[in-house]
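Q: Quick one, fold the following:
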Amino acid sequence: MYNTWSRYTLMAIFVLSALTSLYYDQYQLASVFGFLFAFILWSHFKQSSVLLASKHFQKSDFEKTEQILKEVISPDRLAKNRRGYYEFMKANIALQREDFENAEYHFQIASRFPLGSKNDKAFVMIHLANLALRKKDAERAKAYIERAKELATTSRANEIIKTIEKEANNLAQ
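A: Numbers count the residues shown, from 1 in each chain. Just a heads-up that it's a prediction; the model follows:
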């Protein structure tokens, strides 16, 4: 749950500690510091700052969330469980800014990765169906709604699905 600069600082401390341990012939301690350095480096690429960004996202602080998400060097390298959240947050930020093309792109990617629960994935499908309705594409909206029906577990999600389904049917006629 560190930001990029905190990780860089920790890595520098571990490298300096390992070098100091080697200077004093403490090879076991140097190997521990080397392992800790490698763990932080792995964490930097696989976990990044997504968890920290999600804390701000839950508080609806989209500016800070976006700032932290920009620290992610390569989203393709993120672990599967982090990539889904990364794309979900990017999509919701794009929705807040009414950048519907970018939102759809990120929701499409988020739909391919695991999220917290089936219901979270259902809301991704609901958002995609809603964006398809904006484009007046009833067929795609219906396809997303069918997938969302399979995943939805809450009554709120089911109500939204029914509403979007009615709109898609009206659009198709």
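Q: Which residues belonging to the helix or strand where residue 159 lies are considered buried?
A: Per DSSP states H and E: residue 159 is located in helix 155-172. Residues 157, 160-161, 164-165, 167-168 are the ones in helix 155-172 that count as buried (16 or more other Cβ atoms under 10 Å). C-beta: built from backbone N, CA, C; applies to glycine.
Q: Among the residues you listed, which one sits closest to residue 135?
A: residue 168 (11.7 Å; Cβ to Cβ).
Q: name the element the nearest residue in space to the closest one that is not next to it in sequence belongs to?
A: Excluding the flanking residues, the one nearest residue 168 by Cβ to Cβ, 6 or more residues apart in numbering is residue 141, at 4.2 Å. In this assignment (DSSP H and E), residue 141 forms part of helix 138-151.
Q: Report all helices and strands that that helix contacts.
A: Packing partners of helix 138-151 (3 or more Cβ pairs under 8 Å, 6 or more residues apart in numbering; DSSP states H and E): helix 118-134, helix 155-172.
Q: Including distance to residue 74 and mean pLDDT, could those go into CSV?
A: Shown next, in CSV, are these (distance: least, Cβ to Cβ, whole Å; pLDDT from 0 to 100):
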stretch, distance to residue 74, mean pLDDT
helix 118-134, 22, 91
helix 155-172, 32, 87
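Q: Can I get those in JSON lines including distance to residue 54?
A: As requested, the helices and strands packed on helix 138-151 are exported to JSON lines (distance: least, Cβ to Cβ, whole Å):
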{"stretch": "helix 118-134", "distance to residue 54": "12"}
{"stretch": "helix 155-172", "distance to residue 54": "20"}
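Q: And the ones you listed: which comes nearest residue 31?
A: So among the helices and strands packed on helix 138-151, helix 118-134 is nearest, using Cβ to Cβ, at 40.6 Å.
Q: residue contacts, residue 99?
A: Applying Cβ atoms under 8 Å, 6 or more residues apart in numbering to residue 99 gives no contacts.
Q: I should have written residue 111 there, sorry.
A: Neighbouring residues of residue 111 by Cβ under 8 Å, 6+ apart: 121, 124-125, 128.
Q: buried subset of those?
A: Neighbour-count burial (16+ other Cβ under 10 Å) applied to the contacts of residue 111 gives 121, 124-125, 128.
Q: Specify which residues of the chain, grouped into ranges, have pLDDT under the cut-off.
A: Counting by pLDDT under 70, the ranges of the chain that qualify are 1, 172.
Q: how many neighbours does residue 118 have?
A: 13 (other Cβ atoms under 10 Å).
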